[in-house]
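Undergrad: Predicted model and sequence below, questions to follow.
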Amino acid sequence: MSSKKTVTARNKMTARDKRIDRNGRLVLKCYLAFIIISAIISLTMKAMVVQAAPVIEKKADIVYNVPEVIYINSEITTPVVEPTEAADFEDEELQADETSSNEEEAVNNELELRVQGITPIVRTLNTTAYCPCKKCCNKTDGVTASGTIAQPWHTVASGREYPYGTIIYIPALSDWPNGGWFKVEDRGVGNGYLDIFFTSHSVANDYGRRHLESYVYLPR
């Protein structure tokens, strides 16, 4: 009886071992199949990413024209852009009469020399401006009441209280090309007024009206 039990037990163990071996092989096959499938999926995904990747075209470099920066004494100075229009009437008049500015300066320096030793009359005059147009003078020839040709930075019109040839210095206009020196050569305004000649009507309008202290040098 004991031998039969032993054989039966062995047969049971052999059958169990076979099942375990079969199950182990099945697990191993499944594991290998899982690894192979994972590898295939991974390669497929990489291929799809490579195909789907967009082609990036290199754009041409954009070149910006940046104004040159000049370094002077450790300070940065950028080029100054000249305005298309004059900032004020003084700059506009300077541009209009640039060619004759040196001659006018010489003439007005002569006016300053003429009055040396003469005691001026100090008055506050009501100053305005005019030009040789029809609106200002009813003519366009530029000839003054004294017979001279009106010159910018030089000619002024006054009332009859100041005879032709009277020299007038206006300190508030000393930074002008003429240094603030003028000569009475025209009429058209009343006493206490002074009309400064310009070549441009817009410049004359921009000057407006100013009450300025003036040094009047009557002719000898």
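TA: Sure, I can see it. Numbers count the residues shown, from 1 in each chain.

Undergrad: was I right about residue 144 contacting residue 156?
TA: No - under the criterion of Cβ atoms under 8 Å, residue 144 is not in contact with residue 156, lying 9.8 Å apart. Where C-beta positions appear, they are placed from N, C-alpha and C, glycine not excepted.

Undergrad: Which one's more surrounded, the two?
TA: The neighbour comparison of residue 144 against residue 156 (other Cβ atoms under 10 Å) goes to residue 156, with 27 against 22.

Undergrad: The more buried one reaches residue 198, doesn't it?
TA: No - using Cβ under 8 Å as the test, residue 156 is too far from residue 198 to be in contact (10.8 Å).

Undergrad: what's the overlap in contacts for residue 144 and residue 156?
TA: Residues touching both residue 144 and residue 156 by Cβ atoms under 8 Å, 6 or more residues apart in numbering: 185, 186.

Undergrad: Helices of the chain, residue ranges please.
TA: Assigned by DSSP state H, the chain shows helices spanning 2-52, 89-96, 101-114, 134-137, 201-207.

Undergrad: lowest-confidence stretch among those?
TA: Among the helices of the chain, helix 89-96 carries the lowest mean pLDDT, a mean of 52.

Undergrad: Name the nearest residue to residue 136, ignoring sequence neighbours.
TA: Leaving aside its sequence neighbours, residue 136 sits nearest to residue 130 (Cβ to Cβ, 6 or more residues apart in numbering; 4.1 Å).

Undergrad: residues in contact with that neighbour?
TA: Residue 130 makes contact with 136, 137, 157, 188, 195, 196, 197, 198, 204, according to Cβ under 8 Å, 6+ apart.

Undergrad: Many thanks, we can stop here.
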